[in-house]
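Asks: After the sequence you'll find the predicted model.
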Amino acid sequence: MTKSKRSGVELPDEDALVREIVGLRRGFHELPDALSAESAARIRRQALEQIMGVKLTALGSYSLDAERAAARHCENFIGAAQVPVGITGPLRIRGRWVSEEEDIFVPLATTEGALIASTNRGCRAIRDAGGAVVRVEDVGVTRAPVFRTSGIEDTSRFLDWVVDNESEIRRVMEETSSYLRLIDIRPQVFGTSIYLRFRFSSGDAMGMNMATVACDRAVHGLIEPATGVPCVALSGNFCVDKKPSAVNFLEGRGKRVHAEVVLEKRILEDCLKTTASELVEVQYRKNLLGSIAAGSMGFNAHFANVLAAFFIATGQDVAQVAEGSMGVTCVEPRGEGGVIASVFLPDLPLGAVGGGTALDTQQEALALLGVHRPTERSGGAAMRLAEILGATVLAGELSLLAAFTSGDLASAHERLGRGPLPGAG
């Protein structure tokens, strides 16, 4: 037996705990609460090493706060998977939350060789053009419970009750958080199923947890008791979270972002090694017609690449790349041999506080971007983050599309993604 330094409680020694896990007498989640997160992670790793016959040395080497990670972010914590982080920029942005005088350096976490180099070239083109114009709308995060009625008449009574009691629903929901505000309620009915799509503003937080808690409180504490209509699931998929969807494409979710830049002939030729006519054609035939042929909801070259790298670096929910990657890239002729290029991201859930943004390395990435809390206006930090992401996505689109016109895509991946390993002969 050993004594926990945190609580003074007598604990079985670590070797005994490892043996119990290996012998299936104790689950990975059943370690004593008095153990530190570091100790619990070490025990789980040792047990896994014995069970699977592998070494987990690298997983046990990390800089994050294990206590926070185990308590708030990751059950059965054993360590951390490291993703390389590179920097791209400086990027110039003409936004409302980012000044055009600022030099923005964007951290991206990725294992894909050439992604950061390519995005960096797009940043240079945008900078040479005087910056990207970016505008962000805070559309709001959504949660949509599904209810079951007995038929049309019961559905009508239920919907009438929701309209008549919207102010009370709002009061109950907004009591759960000082940052949450109910914007509206949109119903959708199929047979005996009613979906109530609640839309919230959530300040600097992405807000899904807030929305879920608020809906749970209102559904079980107010709506079900008052109407007698049962809720089948707190999320009925009409939200729509972590899935591409037409409703989010059309109505938006989280932040809705527009970013554009005008590139003169000189910049196209000197920086991007392309021409206006070539860029317009590849955009038309690849991003638009090709996406139509595939039935895709992403009319773009690779939004998901930049989104995933940005999300991992800054502590966003990476699964929401599934919805965030919807969107449209446009390239149109402008002036003598130039173009105006733009991106539209209708569904971008992200936050500057909460969730993974609290982890140590993610905090440093946010600090690099000048995203700090508190801000002068609630929600300003998240709006700044969205402006930066919109411009970065635009940079990534420009460079990749240009690489298609010049035939550089494969050679760049060959050079940067398949370079010789250190020490290799």
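Replies: Cool, got the structure. Numbering: from 1, shown residues only.
Asks: going forward, measure contacts and count neighbours with C-alpha atoms only.
Replies: Noted.
Asks: In the stretch 101-250 of the chain, what residue spans correspond to strands?
Replies: Counting by DSSP state E, counting those that start in this stretch, the segments of the stretch 101-250 of the chain that form strands are 104-109, 132-143, 146-148, 181-190, 193-201, 231-233.
Asks: Which of these sits closest to residue 213?
Replies: strand 132-143 (10.0 Å; Cα to Cα).
Asks: Residue 26: neighbouring residues, count only.
Replies: 14 (other Cα atoms under 10 Å).
Asks: what's near enough to touch it?
Replies: Contact analysis of residue 26 by Cα atoms under 8 Å, 6 or more residues apart in numbering lists 17, 20.
Asks: ok, it to residue 12 distance?
Replies: For residue 26, the distance to residue 12 equals 12 Å [Cα to Cα, to the nearest Å].
Asks: likewise residue 65?
Replies: Per Cα to Cα, residue 65 is found 25 Å from residue 12.
Asks: Equivalent analysis for residue 94, please.
Replies: Distance from residue 94 to residue 12, by Cα to Cα: 60 Å.
Asks: Comparing these two, which shows the higher neighbour count?
Replies: Between residue 94 and residue 12, residue 94 has the larger neighbour count (other Cα under 10 Å), namely 22 against 14.
Asks: The helix or strand hosting residue 385 versus strand 104-109: what angle between them?
Replies: If you go by DSSP states H and E, residue 385 is part of helix 380-406. Relative orientation of helix 380-406 and strand 104-109, computed by axes from the mean of the first three to the mean of the last three Cα atoms, to 10 degrees: 80 degrees.
Asks: Could I get the buried residue list for helix 380-406?
Replies: For helix 380-406, burial by neighbour count (16 or more other Cα atoms under 10 Å) applies to 380-405.
Asks: hang on, isn't residue 323 packed against residue 241?
Replies: Yes. Using Cα atoms under 8 Å, residue 323 is in contact with residue 241, at 7.4 Å.
Asks: Next, count neighbours for the closest residue to residue 40 other than its chain neighbours.
Replies: If the residues on either side of it in the chain are set aside, residue 40 comes closest to residue 31, at 6.9 Å by Cα to Cα, 6 or more residues apart in numbering. By other Cα under 10 Å, 20 other residues sit near residue 31.
Asks: Residue 31 sits in which helix or strand?
Replies: Residue-wise, residue 31 maps onto no helix or strand under DSSP H and E.
Asks: Could I get the pLDDT score of it?
Replies: At residue 31, the model reports a pLDDT of 96.
Asks: Verify the contact between it and residue 41 for me.
Replies: No. Using Cα under 8 Å, residue 31 is not in contact with residue 41; the gap is 9.9 Å.
Asks: by contact count, what packs against the helix holding residue 385?
Replies: strand 93-94, helix 115-128, strand 132-143, strand 253-263, helix 276-282, helix 303-314, strand 338-348 (3 or more Cα pairs under 8 Å, 6 or more residues apart in numbering; DSSP states H and E).
Asks: Now distance to residue 163 too, for those, in TSV please.
Replies: As requested, the helices and strands packed on helix 380-406 are exported to TSV (distance: least, Cα to Cα, whole Å):
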stretch	distance to residue 163
strand 93-94	41
helix 115-128	48
strand 132-143	18
strand 253-263	23
helix 276-282	48
helix 303-314	38
strand 338-348	27
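Asks: So which of these is nearest residue 198?
Replies: strand 132-143 (5.4 Å).
Asks: Run a quick neighbour tally on the closest residue to residue 161 other than its chain neighbours.
Replies: Spatial nearest neighbour of residue 161, excluding adjacent residues (Cα to Cα, 6+ apart): residue 227 at 7.6 Å. The tally of other residues near residue 227 (other Cα under 10 Å) stands at 15.
Asks: What of residue 187?
Replies: Neighbour tally, residue 187, other Cα under 10 Å: 14.
Asks: do you know how far it is from residue 259?
Replies: In terms of Cα to Cα, residue 187 sits 32 Å off from residue 259.
Asks: domains for this protein, by residue range?
Replies: Split into domains by automatic domain parsing, the chain comes to 12-73, 85-139+254-417, 145-233.
Asks: Name the stretch among those domains that sits most buried.
Replies: Across the domains of the chain, averaging neighbours per residue (mean count of other Cα atoms under 10 Å) puts domain 85-139+254-417 on top, at a mean of 21.
Asks: Residue 369 is in contact with residue 103, isn't it?
Replies: No. Judged on Cα under 8 Å, residue 369 makes no contact with residue 103 at a distance of 9.5 Å.
Asks: on that earlier part again, columns distance to residue 79 on top of the domains of the chain, output as CSV?
Replies: Output for these, formatted as CSV (distance: least, Cα to Cα, whole Å):
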stretch, distance to residue 79
domain 12-73, 5
domain 85-139+254-417, 13
domain 145-233, 24
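Asks: nearest to residue 245, of those domains?
Replies: Between residue 245 and the domains of the chain, the tightest spacing by Cα to Cα is seen for domain 85-139+254-417, at 7.3 Å.
Asks: now that closest one: mean pLDDT?
Replies: 94.
Asks: Relative to the whole chain's centre, how far out is stretch 362-378?
Replies: Here stretch 362-378 is found 16 Å from its chain centre; the criterion is Cα atoms, centre = their mean, to the nearest Å.
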